[in-house]
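Novice: the following block contains a protein sequence and its predicted model.
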Amino acid sequence: MEIKKAISTLSKNDKTLQRIIKNGSKCNLKRHNRYYHSLLNAIIGQQLSMRAAHAIAKRFYEFFEGNPVPIDVIKTPHEKLRALGLSNAKVKYVKDLAEKIESKQLKLAGLKNKTNDEIISELTKVKGIGLWSAHMFLMFTLARLDILPVGDLGIKKAIMLNYGLKKLPDEKKIRLIAKKNNWHPYESVASWYLWGSID
């Protein structure tokens, strides 16, 4: 219902998005509760092509018989995780995530009751989870509709191409365009369609 409202609001407020929405498929942002797996996937997928990320994630999940849990990741030797295709840094990141969950420094269960800023502040305590990964979690795991992923290269590219800019916009320019075209409180849906426009 909310997505429907978002689509009609964005179409009304922004002629460029109206065109993109008309030509795109329906936005399917849906909440799910596989929080740990989402964060693992975000770490594994950083700075990799979709194909490479998918291949490494597949090996990782198969190694843990489809269901990695923090304690098992902690117990797995560094070299073993390296052999699955994770870089040295990413092995440290997945271990740090697992350790913070095991020690209750990061409580995944209560995340959905927190504000966007509180969630970002919680998640970015984990090594290897920055603002971008936190934004992806808010959008694709919690289905928060008001996230503007200002650091995402795809969003920058889509805005440049669709809004006739000469170069990739910086954060300030992205926020300006969002404000001018009244995307709030549906920035995630606007972003979803912008990504689709360059696929």
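Specialist: Nice, I can see it. Please read all numbers here as calculations on a predicted model, not as lab measurements. Numbering: from 1, shown residues only.
Novice: list the residues that contact Ser188.
Specialist: Neighbouring residues of Ser188 by Cβ atoms under 8 Å, 6 or more residues apart in numbering: 29, 138-139, 143-148. Where you see a C-beta, it was placed from the backbone N, CA and C, and this is true even at glycine.
Novice: and the spatially closest residue to Val69 that is not a sequence neighbour, how far from Trp132?
Specialist: What sits nearest to Val69 in space, not counting adjacent residues and going by Cβ to Cβ, 6 or more residues apart in numbering, is Tyr36, at 7.7 Å. Separation of Tyr36 from Trp132 (Cβ to Cβ, to the nearest Å): 19 Å.
Novice: between the two, who's got more neighbours?
Specialist: Tyr36 (18 against 15; other Cβ atoms under 10 Å).
Novice: tell me which helix or strand comes right after the strand or helix carrying that one.
Specialist: Assigned by DSSP states H and E, Tyr36 belongs to helix 35-45. Using DSSP H and E, the helix or strand that follows helix 35-45 in sequence is helix 50-63.
Novice: what number of residues are in the vicinity of Ala143?
Specialist: Quick note: Ala143 (other Cβ under 10 Å) scores 17 neighbours.
Novice: separation between it and His32?
Specialist: Applying Cβ to Cβ to Ala143 and His32 gives a distance of 8 Å.
Novice: and stretch 37-47, what's its mean pLDDT?
Specialist: Regarding stretch 37-47, the rounded mean pLDDT is 92.
Novice: repeat that for stretch 174-183.
Specialist: The model assigns stretch 174-183 a mean pLDDT of 98.
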